[in-house]
Structures are given as C-alpha cells and as structure tokens.
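Visitor: The sequence isn't on hand, but the structure is:
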C-alpha cells in the first residue's frame, strides 16, 4: 500500500488538546497526564489569581471541548469565604451526557479536576 493510499486514522481525543485559560496562557498538549496537571493547577488556583475560565478544546475536532467557568463570589458565598474558587462546567453536545450531576453545579477545585479526568 502506498503512503498516499493509506487510511488516515481518526485523531485521538486523548492526545491532541489545546489548553487555554483567561490569563492568556494557551498550550497544545499531546500527553494526557500533562493535560490533567495543567487543569489541576488552574482549577486549584486561589480566587485571588483571577482566572475567569479554563477551556480544553480538541486541536483537530474543534467542536469538542470542556470548559470551566469561575463561579462569581456573589453567587457562592462559600467560595469567597474559603478563598477557594468554584467552577461551573460546560461541554460540547457529545460530552454533556457524561457530565451527569455536575451540569449546572458549582464544583470545588477537586470535584472539577476529578470531572476533567473522567471527561478527557
């Protein structure tokens, strides 16, 4: 079989992601563990860090994404009191069913990181 006629494999959702955050940091990630480390660091950042959102989007299938939006301290007084940012998750249509009860909930950093591991 010549190289031109070889089938093109579908991109792996596990290994080709772009991590981006509202502070302007963006990084293409080809390793699942690196992706989860970046997400954990961002999601564990204190409220004072000022992160408004974190998004992971597939580098090729750009319609596939998972995003975490910071919960406003006025919406969740416990976040302001603890200094711990809470997150609300959103995702593309194909990923939403796997979110389960997390849909619409204000997640702690640990809950958000665990959900990210499950989804990505």
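Guide: In hand now; what should we look at? Everything numeric in this text was worked out from a predicted model, so none of it was measured. Numbers count the residues shown, from 1 in each chain.
Visitor: Show me the shaky parts of the protein.
Guide: Applying pLDDT under 70 to the chain picks out residues 1-14, 73-82.
Visitor: again, only using 80
Guide: Within the chain, the stretches with pLDDT under 80 are 1-15, 73-83.
Visitor: Once you drop chain neighbours, what's closest to residue 57?
Guide: residue 65 (4.2 Å; Cβ to Cβ, 6 or more residues apart in numbering). Backbone N, C-alpha and C define where each C-beta goes, glycine included.
Visitor: The one you found against residue 91, yeah?
Guide: Yes: counting by Cβ atoms under 8 Å, residue 65 touches residue 91, with 6.5 Å between them.
Visitor: follow-up on the earlier one: can you report how many residues lie near the residue nearest to residue 57?
Guide: Around residue 65 sit 18 other residues, with neighbours defined as other Cβ atoms under 10 Å.
Visitor: give the contact list for it.
Guide: Contact analysis of residue 65 by Cβ atoms under 8 Å, 6 or more residues apart in numbering lists 55, 56, 57, 58, 91, 92, 95.
Visitor: now, among those residues, which is nearest to residue 110?
Guide: Nearest to residue 110 among the contacts of residue 65 is residue 56, at 17.5 Å by Cβ to Cβ.
Visitor: Would you check how far apart that closest one and residue 16 are?
Guide: Taking Cβ to Cβ, to the nearest Å as the measure, residue 56 falls 11 Å from residue 16.
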